[in-house]
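Undergrad: Sequence isn't available, so here's the structure alone:
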């Protein structure tokens with residue numbers, strides 16, 4: 001076994017081979033490399049526009065973390081509970097990544113309301129992920145910094161996977 005690191009979130013995975021997806025942030029396995037190849041980009045200088053993008057993304061991610069916690073707590077069955085819990089962990093990892101790049105503490109997660117109905121929460125999840133895909137795709141196109149473009153593009157990809165998953169369950 002050997003260590004691998006996600007080139008997006010920086011988390012370390014120990015295994016015999018590169019996993020299909022980062023078990024922490026959910027990005028595609030192509031973003032995972034031998035741990036020795038990892039470069040820590042935290043603390044990069046960001047343009048004012050990019051700082052605003054990161055701040056806006058952090059608000060969306062914090063809201064999603066809170067929503068998915070509520071949805072997991074209210075889930076009517078174990079499969080749905082696990083799904084909301086895992087997606088919530090991805091969103092929390094995205095929030096941590098963004099806060100690190102902005103050089104700020106992660107915000108307190110304010111509780112959010114959700115429904116007592118799995119189908120309604122799935123629909124809201126679908127809508128949240130659709131909004132996130134569009135936002136991250138736009139940020140990836142418009143950000144000035146290549147590293148931020150890469151991060152936004154990678155997160156857009158995993159949000160697209162979340163969107164497809166929730167589309168299946170709707």
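TA: Structure received. Given the structure is predicted, the values throughout are model-derived calculations rather than measurements.

Undergrad: Give me the domain ranges for the chain.
TA: With domains defined by automatic domain parsing, the chain comprises 2-37, 48-169.

Undergrad: could you dump these to JSON lines with mean pLDDT?
TA: Putting the domains of the chain into JSON lines (pLDDT from 0 to 100) gives the following:
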{"stretch": "domain 2-37", "mean pLDDT": "93"}
{"stretch": "domain 48-169", "mean pLDDT": "95"}
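
Undergrad: so can I have TSV of the ones you listed showing mean neighbour count?
TA: Backbone N, C-alpha and C define where each C-beta goes, glycine included. Listed next are the domains of the chain as TSV, based on neighbours: other CB atoms under 10 Å:
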stretch	mean neighbour count
domain 2-37	17
domain 48-169	18
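
Undergrad: For the spatially closest residue to residue 39 that is not a sequence neighbour, what are phi and psi?
TA: Leaving aside its sequence neighbours, residue 39 sits nearest to residue 7 (CB to CB, 6 or more residues apart in numbering; 8.0 Å). Main-chain torsions, residue 7, degrees, to the nearest 10: phi -70, psi -10.
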